[in-house]
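Colleague: this one's sequence-less:
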């Protein structure tokens, strides 16, 4: 693997009119990759490259606008950047626009952010099912976007801040970050926000979950217990994890249900269906009835989009 081009070289090339260098410099300043982070300067570099016809810079600006990074969130602005990227020849932007238009010409943002009606399944624990929450095309897009980033899934440490692998959890996961997020994901998250009644700025990073046959996540609660100083600091700083939203991205497997043993309830959604449950009671206390497990599949792979929601805005 070749070494990254030093920032000083990128700056020199960018000043000489190299748009690829300018866009790469913008991205690295934005993310602090191999250089001290300077987000505003990085954004300015991307905008300059895009203004001079750089398709990838336009795509990255679409992403920043869609998630409200360094600017007010604006889906119209994100779509405008995406359309310019497509016009400049970026194939991924063309495919994303085709998906967002759902076979039509225009992108109907209201339709893309409106969830189907909820079906209550366990009233005492506020568990809701949303049938056909996502389209087959959205499900495939989300899997393809993040499958290359899969790693062993982790759990919270109890004795110190951070995460660790555990025998209780053997599946894999991937975070949706700058390299694999999309306008599609942003709009799916807005649909989740409408379904849950919780603003998207309370959302953690969305995750792609993957289970191969035999892999599982043993019974656990998604709420944070304050049973150690580290966990207490986590809840104080970031808020309680109050709700969980799962989108089932495929259904060509056996087993693999989401199991709530205290409630005697198991759920296996069809592709595109979704499950919402609140991890706390009306007073904000952990609801132990929502302890659940990701059961192992006995045939085939299982894919999920997982979205946790906090009681405080996520910085």
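Modeller: Great, that's in hand. Computed from a predicted structure; not experimentally measured.

Colleague: give me the contacts around stretch 116-133.
Modeller: Stretch 116-133 has contacts (C-beta atoms under 8 Å, 6 or more residues apart in numbering) with 115, 191, 195, 247, 260, 263, 265, 267, 269-270, 272-278, 287, 289-290. No exception for glycine: its C-beta is placed from N, CA and C like everyone else's.

Colleague: any of those residues buried? List them.
Modeller: By neighbour count, with 16 or more other C-beta atoms under 10 Å, the contacts of stretch 116-133 hold 115, 191, 195, 247, 260, 263, 265, 267, 269, 272-278, 287, 289-290 as buried.

Colleague: return the subset of these lying in strands.
Modeller: Counted as lying in strands by DSSP state E, out of the buried ones among the contacts of stretch 116-133, are 247, 260, 265, 267, 274-278.

Colleague: which of those residues sits closest to residue 202?
Modeller: residue 278 (12.9 Å; C-beta to C-beta).

Colleague: beta partners of the closest one?
Modeller: Residue 278 has the following beta-bridge partners by DSSP bridges: residue 243.

Colleague: in contact with it, which residues are there?
Modeller: Contact partners of residue 278, counting by C-beta under 8 Å, 6+ apart, are 125-126, 242-243, 287, 290.

Colleague: dump the residues you listed to TSV, plus distance to residue 16.
Modeller: Converted to TSV, the contacts of residue 278 look like this (distance: C-beta to C-beta, whole Å):
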residue	distance to residue 16
125	62
126	59
242	52
243	51
287	60
290	58
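
Colleague: sort the residues you listed by pLDDT and name the bottom one.
Modeller: pLDDT across the contacts of residue 278 is lowest for residue 125, at 80.

Colleague: and it, how many neighbours does it have?
Modeller: 20 (other C-beta atoms under 10 Å).

Colleague: how near is it to residue 273?
Modeller: According to C-beta to C-beta, to the nearest Å, residue 125 and residue 273 sit 18 Å apart.

Colleague: now swap in residue 82 and tell me
Modeller: Residue 82 sits 28 Å away from residue 273, going by C-beta to C-beta.

Colleague: and if you look at residue 59?
Modeller: Distance, residue 59 to residue 273, using C-beta to C-beta: 30 Å.

Colleague: what's near enough to touch residue 104?
Modeller: By C-beta under 8 Å, 6+ apart, the contact list for residue 104 is empty.

Colleague: need the contact list for residue 272.
Modeller: Contacts here follow C-beta under 8 Å, 6+ apart; on that basis residue 272 touches 132-136, 138-139, 247-249.

Colleague: give me the pLDDT value at it.
Modeller: On the pLDDT scale, residue 272 gets 98.

Colleague: can you give me the helices for the stretch 51-200 of the chain?
Modeller: Using DSSP state H, counting those that start in this stretch, the helices of the stretch 51-200 of the chain run over 55-67, 75-87, 91-100, 109-112, 136-146, 183-196.

Colleague: ok so, going back, tell me which of the contacts of residue 272 is nearest to residue 158?
Modeller: Each of the contacts of residue 272 was scored against residue 158 by C-beta to C-beta, and residue 247 proved nearest at 28.9 Å.

Colleague: bridging residues for the closest residue to that closest one other than its chain neighbours?
Modeller: Excluding the flanking residues, the one nearest residue 247 by C-beta to C-beta, 6 or more residues apart in numbering is residue 305, at 4.1 Å. Bridge pairing for residue 305 (DSSP bridges) gives the partners residue 208, residue 247.

Colleague: how many neighbouring residues does residue 305 have?
Modeller: 26.

Colleague: just for the stretch 201-315 of the chain, where's the confidence low?
Modeller: Along the stretch 201-315 of the chain, the model assigns pLDDT under 70 to no residue.

Colleague: so what's residue 268 closest to, chain neighbours aside?
Modeller: residue 257 (4.5 Å).

Colleague: show me the contacts for that neighbour.
Modeller: 266-268, 295.

Colleague: and the residue nearest the centre of the chain, how far is that from residue 186?
Modeller: Central residue of the chain (C-alpha atoms, centre = their mean): residue 206, 2.4 Å from the mean position. Separation of residue 206 from residue 186 (C-beta to C-beta): 10 Å.

Colleague: kindly report the same for residue 257.
Modeller: From residue 257 to residue 186 the distance is 29 Å (C-beta to C-beta).

Colleague: before we move on, what about residue 62?
Modeller: Distance check for residue 62 against residue 186: by C-beta to C-beta, it reads 9 Å.

Colleague: give me the more crowded residue out of those two.
Modeller: A count of neighbours by other C-beta under 10 Å puts residue 62 above the other of residue 62 and residue 186, at 29 against 24.

Colleague: show me the contacts for the closest residue to the more buried one other than its chain neighbours.
Modeller: In space, and not counting its chain neighbours, residue 62 is closest to residue 81: 3.7 Å by C-beta to C-beta, 6+ apart. Neighbour list for residue 81: 50, 58-59, 61-62, 65 [criterion: C-beta under 8 Å, 6+ apart].
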